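Novice: have a look; sequence and predicted model below, questions after that.
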Amino acid sequence: MPNEYPIITASHLSKIYKTEAIETMALDDVSFKINKGEFVAIMGPSGSGKSTLMHILGALDQPTSGEYILDGKNVESLSDDDLADIRNKKIGFVFQAFNLLPRTTTLRNVMLPMAYAGVPKEQREELAIKYLTMVGLGDRLHHTTNQISGGQQQRVAIARAISLDPAIILADEPTGNIASVQAEEIMEIFKKINEKGHTIVMITHEPDIAEHAKRVITMRDGKIVGDIKNTKRITYFHSHK
Amino acid sequence: MEISEIILESISSLTLNKLRTSLAMLGIVIGIGSVIALVSLGQASQQSVQSTIQSLGSNLLTISSGSQRNGTVRGAAGSQATLSNADATAIATSPKITTVKNVSPEYSGRSQVITGSNNTNTTILGVVPIYAGVHSVSVSSGSFITERDVNSMTKVAVLGPTVVTDLFGEGVDPLGQKIRIGSQYFTVIGVTTAKGGSGPSNQDDRIYVPLTTAQKQLFGVKNLTSIAVEAIDATAMTTAVDEIGYLLLDMHKITDPTKADFSIMSQADMLSTASQVTGTFTTLLSGVAAISLLVGGIGIMNIMLVTVTERTREIGLRKALGAKKKIIITQFLVESVILTFTGGILGILLGILLAFIYARLTSGAFVISAASIFLAFVVSTVIGVVFGWYPAQRAASLQPIEALRYE
């Protein structure tokens, strides 16, 4: 590995949900590192804590205890606005339900996070066109989100996620709502942007999809139960180099 | 993110749901519209009351006989026979009076009036010729009471148009006809021009007869019910009130002005009394309109809260993508202000239209004050901020994770 810079350092992360009398340990003393340029799949059945982990990694939620360092910055006891800033500049989200602004053009959707980041207007449009073209939607710039297919919507979401060149791209079941042919296309795009140096952390419960990642972390009952390099993918990856 | 972009963002999300947006606006449109319309209505009626009072004659003072005291019970003004013909003559001729132009002694009573098969009960006014000048009364046909009629106590009558209709029916020429007032017959010599007014102040529902005839033949009295005095001009009114007041106190041998057995009222007094009444009326109407505005504001808040709930996912997404609290608050505030501001403009147009229609229907004055329009603008914007604040605050404090999970 040419680059060993740890972009994510998670130490002893725990998350306890309290609902009335019941305490649920969603995350139980989880520690791991993810280096720059990795493509990691986090697997596990529902209730294994992978979504909770994803929320903490996405600075959408705070752990009950433990430490989370993202790109050299300790994401802990930060104010709401600082967290918003981190989500804006360091994390690119790709959600299962796409989560695009309804009845809004693809171009405006991709430009939204750049607007929050204060990127000048002309530059925003230029970048949005560039990334939309990259995901193969150069001819769909002015279509509204309800005029395009699910697979195309997810590609818009990917273009949006990489628009601010974030430290990590967090994908939560990115192919969960997409037909399998289109799912393959989505995974090809992820691989392509990973090759360009983007770090990708992807949550999935589908082994076929996890196959595309270079490293697979398996979770169960809030704990990490497996962390293996995907040799097949690495070989595949190297064979292209 | 610049404010201009947030405004564009707000406009586009408002146009996404046109029905909801227009329903939310409706409350403000009606609220502002009714404020504009009702204030205009109030001002129009104020103007009409003022012009009616002014039509009674300018620079006019009315001296009424004092109230009757019966132990501690005070009767109505004019119930005591304290004004005499001599008082009127004194006001007209005394060298102490310098500011009076005309003096019109009057006796007013009510009587049954009969002609053929019709009869009515109306005000009988005993007057002298100068009455017409002092009260701006003119005749549309025939002539008014003359000096000769007063001197020789003739039994002639000048009728108001309402009386003519009551006694003879529509479109009949009553000149030369005989009418019976009480038990005596009078010849109709004139009809006055219609002046308008309603109720007891209807100047058209009157019969004018010579003062002497009224006092001696009809009512058998020697006193006057009132003396109308025309001052030389509007600035002389105060002086005239003083001069007449002291003269009458002298004549009635009263030393304590607080025990005066007469009262002097000027047109200005009447105007201010009437203004007070119409002012209260306008305030009342504005109060009603303000309540409807408040309801409109609550409607906006309601819709904005629904919007926040409905757009929970969108808000969560925006926060996940890096929108700070301030941006979310601003966006929702701007949305509600756009709602109320646009609603305000539409409301102003509606109000002007309603006031115009009302003015047309009643052929009254069409008054729209710039102040009420300006106020409507300010109020509608303030409502947007005040009632948009809570929903905006709620939207901004949604946790992105909760918001994203929301189905």
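Specialist: Received it, and whenever you're ready, just let me know what you need.

Novice: so where is chain A shaky, pLDDT-wise?
Specialist: By pLDDT under 70, the weakly predicted segments of chain A are A:1-3, A:231-241.

Novice: can you map out the helices along it?
Specialist: Secondary structure of chain A, counting by DSSP state H: helices at A:50-57, A:80-90, A:106-117, A:121-134, A:150-162, A:180-195, A:207-210, A:231-239.

Novice: these: which one's closest to A:Leu13?
Specialist: helix A:50-57 (6.3 Å; Cβ to Cβ). (C-beta placed from N, C-alpha, C; glycine too.)

Novice: can I get that closest one in PDB, CA atoms only?
Specialist: C-alpha atoms of helix A:50-57 as PDB (Å, rounded to 0.1, in the frame of the first residue of the first chain):
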ATOM      1  CA  LYS A  50     -24.000  -1.300  11.200                       C
ATOM      2  CA  SER A  51     -26.500   1.500  10.700                       C
ATOM      3  CA  THR A  52     -25.600   3.000  14.100                       C
ATOM      4  CA  LEU A  53     -21.900   2.800  13.100                       C
ATOM      5  CA  MET A  54     -22.700   4.500   9.800                       C
ATOM      6  CA  HIS A  55     -24.500   7.300  11.600                       C
ATOM      7  CA  ILE A  56     -21.500   7.900  13.900                       C
ATOM      8  CA  LEU A  57     -19.000   7.800  11.000                       C
END
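
Novice: right, and the helices of chain A - which one's nearest chain B?
Specialist: When the helices of chain A are compared by Cβ to the nearest Cβ, helix A:80-90 sits nearest chain B, at 2.3 Å.

Novice: buried residues in the closest one?
Specialist: A:83-90 (16 or more other Cβ atoms under 10 Å in any protein chain shown).

Novice: that one packs against which elements?
Specialist: helix A:106-117, helix B:312-320, helix B:325-362 (3 or more Cβ pairs under 8 Å, 6 or more residues apart in numbering or on different chains; DSSP states H and E).

Novice: show me what from chain A comes close to chain B.
Specialist: Taking Cβ under 8 Å from any Cβ of the partner chain as the contact definition, chain A meets chain B at A:55, A:58, A:60-61, A:80-81, A:84-85, A:87-89, A:93, A:95, A:99, A:101-104, A:112-113, A:115-118, A:121, A:160.

Novice: residues touching the most centrally placed residue in chain A, list them.
Specialist: Geometric centre of chain A, nearest residue: A:Leu170, 1.0 Å, by Cα atoms, centre = their mean. The contact partners of A:Leu170, taken as Cβ atoms under 8 Å, 6 or more residues apart in numbering or on different chains, are A:54, A:57-58, A:91-94, A:201-203.

Novice: and residue 138, how many neighbours?
Specialist: I went with chain A, as the question did not name one. Per other Cβ atoms under 10 Å in any protein chain shown, the neighbour tally for A:Gly138 reads 12.

Novice: look at chain B instead
Specialist: Number of residues near B:Ser138 (other Cβ under 10 Å) recorded here: 12.

Novice: sorry, back to before: can you flag the buried ones in the residues of chain A next to chain B?
Specialist: A:55, A:58, A:60-61, A:84-85, A:87-89, A:93, A:95, A:99, A:101, A:104, A:112-113, A:115-117, A:160.

Novice: low-confidence ranges, the stretch 201-350 of chain B, go.
Specialist: Residues of the stretch 201-350 of chain B meeting the criterion pLDDT under 70: B:201.

Novice: show me where the stretch 101-250 of chain B has its strands.
Specialist: B:118-127, B:139-142, B:156-159, B:178-181, B:184-192, B:206-210, B:223-224, B:226-231 (DSSP state E, counting those that start in this stretch).

Novice: same list, the ones you listed, but as TSV with mean neighbour count please.
Specialist: TSV is the format used below for the strands of the stretch 101-250 of chain B (neighbours: other Cβ atoms under 10 Å in any protein chain shown):
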stretch	mean neighbour count
strand B:118-127	19
strand B:139-142	15
strand B:156-159	26
strand B:178-181	19
strand B:184-192	20
strand B:206-210	26
strand B:223-224	22
strand B:226-231	24
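
Novice: nearest to chain A, out of those?
Specialist: Of the strands of the stretch 101-250 of chain B, nearest to chain A by Cβ to the nearest Cβ is strand B:139-142, at 71.4 Å.

Novice: pull the CA atoms of the closest one into CSV?
Specialist: The C-alpha coordinates for strand B:139-142 follow below in CSV (Å, rounded to 0.1, in the frame of the first residue of the first chain):
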residue,chain,number,x,y,z
VAL,B,139,-87.2,75.8,-1.7
SER,B,140,-87.6,73.7,-4.8
SER,B,141,-91.0,75.1,-5.6
GLY,B,142,-93.1,77.9,-4.2
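
Novice: what strands line up against that strand, and which way round?
Specialist: strand B:184-192 (antiparallel) (DSSP bridges).

Novice: just want the angle from the partner strand to strand B:118-127.
Specialist: Counting by axes from the mean of the first three to the mean of the last three Cα atoms, to 10 degrees, strand B:184-192 lies at 80 degrees to strand B:118-127.

Novice: and the helices and strands packed on helix A:80-90 as JSON lines, adding distance to A:Gln153?
Specialist: Below are those laid out as JSON lines (distance: least, Cβ to Cβ, whole Å):
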{"stretch": "helix A:106-117", "distance to A:Gln153": "8"}
{"stretch": "helix B:312-320", "distance to A:Gln153": "13"}
{"stretch": "helix B:325-362", "distance to A:Gln153": "23"}
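
Novice: so who does B:Val288 touch?
Specialist: B:34, B:38.

Novice: rerun at 10 Å
Specialist: B:Val288 makes contacts with B:34-35, B:38, as judged by Cβ atoms under 10 Å, 6 or more residues apart in numbering or on different chains.
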